[in-house]
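S.K.: please find the sequence and the predicted model below.
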Protein chains: 2
Amino acid sequence: MPLEDRREQLLLAAIDVIVERGYADTRITDVAERAGTSPALVIYYFKTRDALLTEALRYSEDSWYAAGVKRLEEIPDAAGQLTEMIAMTCLPSDDPGERGEWRLWLDLWALSPRNPGVASVRHEFDVRWRHAIRDIVLAGQAAGEFAAVDADDFALTLSALLDGMAVQIALEDPDVPPVRAYDLALAFAAGQLGFIPPTER
Amino acid sequence: MPLEDRREQLLLAAIDVIVERGYADTRITDVAERAGTSPALVIYYFKTRDALLTEALRYSEDSWYAAGVKRLEEIPDAAGQLTEMIAMTCLPSDDPGERGEWRLWLDLWALSPRNPGVASVRHEFDVRWRHAIRDIVLAGQAAGEFAAVDADDFALTLSALLDGMAVQIALEDPDVPPVRAYDLALAFAAGQLGFIPPTER
DNA sequence: CAGCATTGACTGAACATTCAGTCTAGATTC
DNA sequence: GAATCTAGACTGAATGTTCAGTCAATGCTG
């Protein structure tokens, strides 16, 4: 019945299906079925299939990021915050859905060159992510926690490293278990910034 | 007319189209048109659309890698070789086609979770790439050029970093021009292994 | 309050299109 | 002349989108 509930319900269904079948193979019928309704309703809420799927991607990434920020805010020191960000990308929680999160990124990337809407979602999130890293670095340097590296360069390098690790994790490469990716990324950050990485998780 | 020529011609046409429209939106008609022939012929050579596209991806990556290896063989020192590998991924040549090379990777990644054939192409290449890095590191260490880091860890980290940079380059992120990606990746490698990066390109 | 009008949520059936793959027959080559 | 190669016409299935309405609730009016 309710207006916003329906939209959200459909978006969640769409995310489910995209993770499962991939963006390209997600039919609106699938989404409708998953949400227990009819294709016509899906079109009723989102004018087109593409609008639905694009919104779903944005919704998913937004939730993921927002949840991360909330966790970050409760961590006092810069090193801890950075560690949490690395964990966010490398160590998928058991929370169902977060497992497939990175697969959405792969779709996002693949779609970006041809789909301006998707491209802007992608770029927006990338910029935000790099800024977050940079801000933490600057704060850490101001507090004397971190060495004096160039914050922008570091942010770009770390975010690229994390993206690369995320690919391996999303594809479940047997040579790159999440914990190893986490350890290596953390080692990089700690080495560059000169902090002691927290012990075993 | 000739057998192998036709196949190759069709594969090249397929690569062109995939780069332009993306894997999902590549129709066999497009490939046929690009090759100046009929859809039926495409099916004649490759039984199915999927077989065509998968082979095209493999073919493209194979050529790219083979060309790289040939160049590497003419470089005597390990540092120079590693630098060349970083350049290979970060600095697309003017050579038409190599520009869109990385977009194929994005498709490859996005397809992998659902398409076993594509997944094995992807994994095969990743393993090969990491091994190549590792071997160069080991050779460099044996020759006293490099510091004594763990070669496998380094290879995994560098390849992830390069993948991440490649994403930005493929998507032409304005904040990450190829040269900057190259400089940062090179700085990382040089820093870890303790060699002096070659000057300006 | 009783009847009427209006609106928003929703649906089933049809439409239109797009494509992968087939079929048949003709050309080329050895 | 047989095998290989090629094209044009076609088909069958899938699927996004439209559309004409149904249904329930809410507001309005006398």
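M.R.: Great, that's in hand.
S.K.: any weak-confidence spans in chain A?
M.R.: Filtered on pLDDT under 70, chain A yields the residue ranges A:1-4, A:93-99, A:200-201.
S.K.: how about 90 then?
M.R.: Regions of chain A meeting the criterion pLDDT under 90 cover residues A:1-6, A:91-102, A:117, A:197-201.
S.K.: scan it for its longest helix.
M.R.: helix A:116-142 (DSSP state H).
S.K.: ok now that helix, how far from the chain's centre?
M.R.: 12 Å (C-alpha atoms, centre = their mean, to the nearest Å).
S.K.: any idea which helix or strand comes after that helix?
M.R.: helix A:151-170 (DSSP states H and E).
S.K.: tell me the helices in chain A, going along the chain?
M.R.: Assignment of helices within chain A using DSSP H yields the ranges A:3-21, A:28-34, A:39-45, A:49-73, A:78-90, A:101-111, A:116-142, A:151-170, A:178-193.
S.K.: nearest to DNA strand C, out of the ones you listed?
M.R.: Each of these has some distance to DNA strand C by C-beta to the nearest atom of the strand; the shortest is helix A:39-45, at 3.1 Å. Where C-beta positions appear, they are placed from N, C-alpha and C, glycine not excepted.
S.K.: mind listing what's buried along that closest one?
M.R.: A:V42, A:Y45 (16 or more other C-beta atoms under 10 Å in any protein chain shown).
S.K.: pull up the residues of chain A that are close to DNA strand C.
M.R.: Neighbours of DNA strand C within chain A, by C-beta under 7 Å from any atom of the strand: A:M1, A:L3, A:R6, A:T37, A:S38, A:P39, A:A40, A:L41, A:Y44, A:Y45.
S.K.: of all the helices of chain A, which one is nearest B:P113?
M.R.: Proximity to B:P113 (C-beta to C-beta) singles out helix A:101-111 among those, at 5.5 Å.
S.K.: gap between the closest residue to A:S112 other than its chain neighbours and B:I43?
M.R.: Nearest non-adjacent residue to A:S112, counting by C-beta to C-beta, 6 or more residues apart in numbering or on different chains: A:A119, 4.2 Å away. Separation of A:A119 from B:I43 (C-beta to C-beta, to the nearest Å) stands at 33 Å.
S.K.: what's the answer for A:G22, then?
M.R.: Shown here: A:G22 relative to B:I43, a distance of 24 Å by C-beta to C-beta.
S.K.: same question for A:D107.
M.R.: Taking C-beta to C-beta as the measure, A:D107 falls 28 Å from B:I43.
S.K.: and what of A:F125?
M.R.: 40 Å.
S.K.: start to end distance for stretch A:28-39?
M.R.: End-to-end span of stretch A:28-39 (C-alpha to C-alpha, to the nearest Å): 6 Å.
S.K.: quick one: is it near chain B?
M.R.: No - if you take C-beta under 8 Å from any C-beta of the partner chain as the test, stretch A:28-39 misses chain B, and the best it gets is 13.6 Å.
S.K.: what lies in contact with that stretch?
M.R.: A:9-10, A:12-14, A:16-17, A:21, A:41-43, A:49, A:52 (C-beta atoms under 8 Å, 6 or more residues apart in numbering or on different chains).
S.K.: filter the residues you listed down to the buried ones.
M.R.: Among the contacts of stretch A:28-39, those buried by neighbour count (16+ other C-beta under 10 Å) are A:Q9, A:L10, A:L12, A:A13, A:A14, A:D16, A:V17, A:V42, A:R49, A:L52.
S.K.: please name the nearest non-neighbouring residue to the first one.
M.R.: Nearest in space to A:Q9, with sequence neighbours left out and distances taken as C-beta to C-beta, 6+ apart, is A:A35 at 5.5 Å.
S.K.: what's the burial count for the one you found?
M.R.: Using other C-beta atoms under 10 Å in any protein chain shown, A:A35 has 19 other residues around it.
S.K.: surely A:A170 meets A:W105?
M.R.: Yes - A:A170 is in contact with A:W105 according to C-beta atoms under 8 Å; the separation is 7.0 Å.
S.K.: tell me how far A:D173 lies from B:D126.
M.R.: As for A:D173, its distance to B:D126 is 7 Å (criterion: C-beta to C-beta).
S.K.: ditto for A:L108
M.R.: 20 Å.
S.K.: and the residue lying closest to A:R130 once chain neighbours are set aside, what is it in contact with?
M.R.: Excluding the flanking residues, the one nearest A:R130 by C-beta to C-beta, 6+ apart is A:A155, at 4.7 Å. By C-beta under 8 Å, 6+ apart, the contact list for A:A155 reads A:R130, A:H131, A:I133, A:R134, A:V137.
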